[in-house]
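Student: prediction below, plus the sequence it came from.
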Amino acid sequence: MSVKVSMKVNGKPVSAEVEARTLLVTFIRENLRLTGTHVGCDTAQCGACTVHMNGRAIKSCSIVAMQAEGADILTIEGVANGNGTLHPMQQAFKENHGLQCGFCTPGMVMNALDFAKGHPNPSEKEVRESLEGNLCRCTGYHNIVKSIVAGARAMAASK
Amino acid sequence: MNAPLIGARIQRKEDYRFLTGAGQYTDDISLPNQAHAAFVRSPHAHAVIKKINVEKAKKAPGVLAVYTGADLAAAKVGGLPCGWLITDVNGQPMKEPPHPCLAQGKVRYVGDHVAVVVAATAEQARDAAEQVEVDYEVLLAVVDAAKARAKGASALHDIAPDNTCYVWALGDKAKVDEAFAKAAHVTRLDFVNNRLVPNAIEPRAAIGVYSRADEGYTLYVANQNPHVERLLMTAFVLGLPEHKVRVVAPDVGGGFGSKIYLYAEDVVVTWAARQLNRPVRWTAERSESFLSDAHGRDHVTTAELALDNNGKFLAMRVKTTANLGAYLSTFASCIPTILYATLLAGQYTTPAIYCEVTAVFTNTAPVDAYRGAGRPEATYVVERLVETAARELKIDPADLRRRNFIRNFPYQTPVALQYDTGNYEATLDAALQLGDVENFSSRKEESRKRGKLRGIGYAAYIEACGIAPSAVAGSLGARAGLFEAGEIRVHPTGSVTVFTGSHSHGQGHETSFAQVVADRLGIPIENVDIVHGDTSKVLFGMGTYGSRSIAVGGTAIVKALDKIIAKGKKIAAHLLEASESDIEYDRGEFKVAGTDRKKMFGEIAFAAYVPHNYPHDKLEPGLNENAFYDPSNFTFPAGSYVCEVEVDRDTGQVTIERFTAVDDFGKIINPMIVEGQVHGGLAQGIGQALTEGCHYDESGQLVTGSLMDYCLPRAGDVPSFKIDTRETPCTHNPLGVKGCGEAGAIGAPAAVMNAITDALGVKDLPMPATPQTVWRSLQQKAA
Amino acid sequence: MYAFEYHRPSSSKEALDLAAKKSEGKFLAGGQSLVQAMKLRLSSPSDLIDLGSVSELKNLKVEGNTVLVGAMVRHAEVAASPAVQKAIPALAALAGMIGDRQVRHMGTIGGSLANSDPAADYPAAVLGLGATISTHKRKIEADKFFKGLYETALEPGELITQVSFPAPKRAAYMKFKNPASRFALVGVFVADFGGNVRVAVTGAGACAFRQPDMEKALAAKFAPESVANIKVKSDGLNNDLHASPEYRAHLITVMAKRAVEAALK
């Protein structure tokens, strides 16, 4: 069965005819060709597919696209400023070497952005807990944790 | 400008694209008219295929083709080769059973490839794959390495009726037996080095493309060594001319060994692309990765250490059964032999070592190199033995190590390797200090007051990296060279493109290699770009594994740079009207020694490409050089780790309270990147010790078939690490570098398990030390 | 995922009418369990009736001594609600332990209860607090709701609308996580209603169940030592790679003791 799905992605209205069984992540990657959102598992553990739906971090592999009908979606491609400079959270990942192969990174950043909104000065422990839904195989998390602490502070400071 | 770049914490050039979603991984590539493949995989660990009926699947919506092993056999598609020949104790070659890309008559593990469906969409391909009807006659399965050779065990391959690939040995058995006979003390341990699933977060993916225009093929693949992939696939499997095949490994989301190999899926999509004249793509789902990626480790070992009255090591005797899985993966055979037994000297002067390895086939996924590859298994043997011996002899474990450290270099071990340099005392001292070992007892007391058990454990590891001197490797059975290639292309305006046969899938080569080049040439790092991962761009390469990239790939680049500078001097001599021998190159400037006459690097580049005033009689125009570098020895990174754990005795939960790592990687190009490599390795090593264990049931079903059951460490499972380095430069490469990519995964498991056994007061505990395992151990002790 | 037909009703009535017509269909709440199962081709409903636009299921409020959670209220909303945190802090804390941040932003109480995963957290709170599950046609007591593995008292086409939790004097939930999945290997919810104590366990059996001997001991004296030595029988408890029945039985006691300690804090 095909359905028409419409939503706003990174500020732009988009719509397409898709099969009802199309996952949100598939819609983002295949229909919109926004391939920064990744798929690393099939059991909702890895978090590489994390995007924001109406301002909150969700796993785009765990809902069908139709569940995002009318929603406001933000993907990694919509995070940096229009002029090409990085968002403070992205900048913090770069400065603290919070990424290696880069595959889990968009999900990490998207989750961190949402987390930082409520935690302007998080402790290391809070950050580690906040990453329960994101897996990284490269960094041992050490520098991701540092990045998120720094990024959250930078976001709070830039308000 | 021109501050030294080697040793600088340069932020990574690759980060912008990864942080903005602009990375380009294999599955991100979309091609016109592409079709999608889905593999039909065996649900049985061991079965005869009596019949395959593909008719229903062929008629399913969107299906373009269904292929089985018979189709590949008819097209003369060969099996997957093994790149390393091990010769057994009787001088016989190892047993090399056929490894078909799609099963020929029999399946040998759950997930084995039975057929492939190609359809217009991925979901259609999956839908249709379920319509392929396979009639199996199920056979008994063999899963455990220890049981593979048992009488009556079901045989996987006709060629190996006893399921034995080889029995191999290294060392002087007589000398070892003699030493044991007169030893004052013998420490013995029996253990399993647990099977692991690599789990790079990017699943494997491949897209095969065929072009009728030039009869050429392109394979986009998540792979660590595209040239080797091409060589193996063209020469051994598809019989294609190498120049007609381009292999591109674009951004790759982690490898850890699992993406070194030529896999069946890579071959099948490439072959199918030609049959259908359409791009054919496949991306593994995570559950497929669990079933079909090459796994790691899986040893069953008995190890003994003989000591004299003063705690001097006299000899070591190790007997290992290594599980190779159902087929020989690309480098499977050398991991439990060449990369394992040769490391059993560790950091110690143990004069006699004997190791016997029996490698067996079982009805499980093929096993091959996984981060560390043989060396974590060796370190686990040595460091668990040493720690246990120290406890038995009531000698401080750090002190026992000190009594046996190698101090004179070069040092010839009794297991074939010659260590060029090292300072093991320095890393141990630093680790003890950084880990505040002095105050451990007060922390233990504090834990005790809270009702918790606390333990401390050490591991002093060594690894052989910078793989490898080709002649040595060849004499040991390698069927490939293990050099590396590099090319420096200086553009007319002085910017530089570097082509390397190394491949970066997280290691940050685009930055650290650029640092080497910019530093040597004295030009801004922004003017240097690194290209890798494309056989049509890079002249050749052996790829990235075995912590070889900077030591071997970096050295090839340095050699090419030397040629660039040498040619530049010739051009400068001409322009400056000086003798070539008087030209010095210093930080971007060609100078006439002792004068202020000079030409900038960019001026020389321009002169090389706009050769109006040029020594045409002696020199070709242009500034482009390549080099191949074949190392003269391995490099020997080493270090000391200290782990402190706390155990909740009610639940068995282990918490890593402190982890201290001091490594000696020789010279360091970018400390920030090196630290990241150590962190990641440590997390994987801690994962092996605490959370990760691949488990098949007796019938060969994979119990840990998803991340719901196989536990990858999360952020909350690991601590922040305390790390530092000490430096003894490698003596035989110009950068003095050794490699750092695997260290953490090599040293950590023994350190963690030494700490846990210390906390529990038990001799041994199986990995992973899950809460249930620890709880059981506590129950047994109490009983 | 197998193909299905998708529907998005805007009211419960519309949803129920659809469900009546589509006997092989399923309600879709947050999708955090159902979409997962469908992705792995373990579930193949003919129709998905998405409740995402049914606003009457989204109310969260505290009325007197009762917390009322609409079926479509997300875990994160319950966890972050000041009113819930005040009325039943243990319920808010439990909601904040489900899955991970991203899952909590989508997952709903109705979806969780209807699915009745043996290792889900909410069943422990529902049973531990003696909550009442309202459907479009009746009220079901917690004690009569959980029937077995992925099995509840819900009839086909029956729609959970709201769950009402009575506020106890004190309560706490302790969860020992499955290291891989982060579901409850064993979770114990302890609630003291002043003399009447309920102890509910999740993760250990086919579905959530109560622990009467612990309840009796705690009713006599609400203190950790009352349960610390109660040996739970391992018969019938779940057995998997991560925990044997014996280990689970042991963890029930440990978690119950810790829950009492936490409730007393």
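Tutor: Received, thanks. Residues are numbered from 1 along each chain as shown, chains lettered A, B, ... in the order given.

Student: what about residue B:582, neighbour count?
Tutor: For residue B:582, the neighbour count with other Cβ atoms under 10 Å in any protein chain shown is 16. Quick note: C-beta positions are derived from backbone N, CA and C, even for glycine.

Student: excluding chain neighbours, give the residue nearest to it in space.
Tutor: residue B:593 (5.0 Å; Cβ to Cβ, 6 or more residues apart in numbering or on different chains).

Student: now do the SS call for residue B:458.
Tutor: Secondary structure for residue B:458, judged by DSSP: H, G, I helix; E, B strand; the rest coil, is strand.

Student: tell me what the longest helix anywhere in chain B is packed against?
Tutor: Assignment by DSSP state H gives helix B:554-575 as the longest helix of chain B. Contacts defined by 3 or more Cβ pairs under 8 Å, 6 or more residues apart in numbering or on different chains; DSSP states H and E place helix B:554-575 against strand B:484-490, strand B:496-500, helix B:509-521, strand B:583-586, strand B:589-592, helix B:601-609, strand B:624-629.

Student: one more time with 7 Å, if that's ok
Tutor: Here helix B:554-575 touches strand B:484-490, helix B:509-521, strand B:583-586, strand B:589-592, helix B:601-609, strand B:624-629, going by 3 or more Cβ pairs under 7 Å, 6 or more residues apart in numbering or on different chains; DSSP states H and E.

Student: which one of these lies nearest to chain A?
Tutor: helix B:509-521 (10.0 Å; Cβ to the nearest Cβ).

Student: contacts for that closest one next, please.
Tutor: Applying Cβ atoms under 7 Å, 6 or more residues apart in numbering or on different chains, the contact partners of helix B:509-521 are B:4-6, B:8, B:10, B:12-14, B:496, B:498, B:500, B:502, B:504, B:524-525, B:528, B:530, B:532, B:549-550, B:554, B:557-558, B:561, B:588, B:601, B:669-670, B:673, B:735.

Student: and the angle for that helix with helix B:601-609?
Tutor: 90 degrees (axes from the mean of the first three to the mean of the last three Cα atoms, to 10 degrees).

Student: list the buried residues for helix B:509-521?
Tutor: Applying a neighbour-count criterion of 16 or more other Cβ atoms under 10 Å in any protein chain shown, one finds B:509-521 buried in helix B:509-521.

Student: what's the pLDDT at the residue in the stretch 201-350 of chain B that chain C sits nearest to?
Tutor: As assessed by Cβ to the nearest Cβ, chain C sits closest to residue B:287 within the stretch 201-350 of chain B, at 7.4 Å. If you check residue B:287, the pLDDT there is 96.

Student: my guess is it contacts residue B:706. True?
Tutor: Yes - with contact defined as Cβ atoms under 7 Å, residue B:287 counts as touching residue B:706 (5.3 Å).

Student: any idea how far residue C:64 is from residue C:87?
Tutor: 9 Å (Cβ to Cβ, to the nearest Å).

Student: which one's more surrounded, these two?
Tutor: Neighbours per residue, other Cβ under 10 Å: of residue C:64 and residue C:87, the larger number sits with residue C:87, 20 against 8.

Student: where does the stretch 251-400 of chain B get nearest to chain A, residue-wise?
Tutor: Residue of the stretch 251-400 of chain B nearest chain A, by Cβ to the nearest Cβ: residue B:253 (2.9 Å).

Student: dihedrals phi and psi, that residue?
Tutor: phi -90, psi 70 (degrees, to the nearest 10).
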